[in-house]
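J.: Just a sequence and a predicted model for now, questions to come.
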Amino acid sequence: MAYLVDRLRAYAYGGSRLNLNFRVGVAEALANAMIYGNGSDPDKRVRVEVELSQEAVALQVYDEGLGFDPEGVPDPTLPENLDRGGGRGIFLIRELMDEVFYNEPGNCVRMVLRRTPARDR
């Protein structure tokens, strides 16, 4: 992660969007891929692809699992889900990144963080 952060700083990204949004979003996506997607199987891999431009960084995290339905994950902010585990990482990713997309089987998340925050989300 340090290498990616250094590259973003070279493109003049900085502040809380880099130190909080990017770091936490990527850490959550990696943890979800390893723990849930790959079932903590050390023989399964997680692949990361990064596209970096002056306007945005797009990062895709792939796991070797069967995928999931991201819309089927309960909202962890609802009162009935506050004591339940699960869904908090996805919630954080959606809140911290400007765009979040999942592929059809649900084994890849694409996250986009713009240099300038999106006004409407």
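T.: Okay, I see it. Here the structure is a predicted model, which means the values were calculated and not measured.
J.: Just list what the worst-scoring helix or strand of the chain on mean pLDDT packs against, helices and strands only.
T.: Lowest by mean pLDDT, DSSP states H and E among the helices and strands of the chain is helix 15-16, with a mean of 78. For helix 15-16, the contact count by 3 or more C-beta pairs under 8 Å, 6 or more residues apart in numbering; DSSP states H and E identifies no helix or strand as a packing neighbour. To be clear about C-beta, it is placed using only N, CA and C from the backbone, and glycine gets the same treatment.
J.: which outside residues touch the helix or strand following it?
T.: Scanning forward in sequence from helix 15-16, with DSSP states H and E defining helices and strands, the next element found is helix 23-32. Contact with helix 23-32 is made by 1, 4-5, 46, 48, 59, 61, 63, 89-90, 92-93, 96-97, 109, 111, 113, as judged by C-beta atoms under 8 Å, 6 or more residues apart in numbering.
J.: returning to what we had before: roughly how far out does the least confident helix or strand of the chain sit from the chain middle?
T.: A distance of 17 Å separates the C-alpha centroid of helix 15-16 from that of its chain, computed with C-alpha atoms, centre = their mean, to the nearest Å.
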